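1. need a structure here:
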Amino acid sequence: MNNSERSEVRFMGEQEASLEAFLQAWGNYPTGVSVVTSIEPDGSVHGMAANGINSVSLDPLLVLVSVGHNRNSYPLIKDAGRFAINILSGEQRAIASHYASPAERRSADFDVSFTFTESGAAFIDGSIASMDCRTVHEHVEGDHTIFIGAVERIDLNDGEALAYCQGKFGRVVLDG
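-> Sure, this is the predicted structure:
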């Protein structure tokens, strides 16, 4: 297109930002699927399905996880100052569904296998990547806290990533 050719500009009209529209908009954004694990006071593992994760820095290696203040994971991560990010493989849909459910509705019979790091972080076996993180900063924004974690250990495994979009799980298909 050159400067003399212009596409028609159309306006959709004004729309109010609402929680429903916000959730629907972000639901259209494909993400990988991760489970953030933390340790309960009794030593058991607590997990939370999360797509509010991201890399922050390469030097030093930093990540973030955004955790709602109403989530069971929130006080565990805040008090322990540690968490693990487990990026799930395409074979781990059941694990993703389990940890996406509220803790009080999860099946006690659901079996997940973990490997524990020297620091005590819980890595979900079979994940394509797991990172042991020490909290270095916390930022409160609205009803969430963004925990910045220094990555102290990374385990990598072969496999395809599990993806999530529009309320459905899928696999990432790579071109080439």
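
2. any low-confidence regions in this protein?
-> Along the chain, the parts satisfying pLDDT under 70 run over 1-6, 11-14.

3. these two touch, right, P60 and A150?
-> Yes - counting by CB atoms under 8 Å, P60 does reach A150; the two are 6.0 Å apart. For the C-beta atoms, the positions are set from N, CA and C on the backbone; glycine is no exception.

4. between those two, who's got more neighbours?
-> In this view P60 and A150 are compared by other CB atoms under 10 Å, and A150 has more residues nearby, 16 against 9.

5. So what pairs up with the more buried one in the strands?
-> L62, R134 (DSSP bridges).

6. what about it, distance to S18?
-> Separation of A150 from S18 (CB to CB, to the nearest Å) stands at 37 Å.

7. Next: H69.
-> 21 Å.

8. Between those two, tell me which one has more neighbours.
-> The neighbour count for H69 versus S18, taken as other CB under 10 Å, is higher for H69 (12 against 9).

9. The more buried one against E141, yeah?
-> No - assessed by CB under 8 Å, H69 is found out of contact with E141, at 10.6 Å.

10. K78: what secondary structure?
-> helix (DSSP: H, G, I helix; E, B strand; the rest coil).

11. let me fix that: Y74
-> Relying on three-state DSSP, one would call Y74 helix.

12. just G47 next, same as before
-> Using three-state DSSP, the structure places G47 in strand.

13. quick one: buried residues of the helix or strand where M131 lies?
-> Assignment of secondary structure by DSSP states H and E places M131 within strand 129-141. By neighbour count with 16 or more other CB atoms under 10 Å, strand 129-141 contains the buried residues 129-133, 135.
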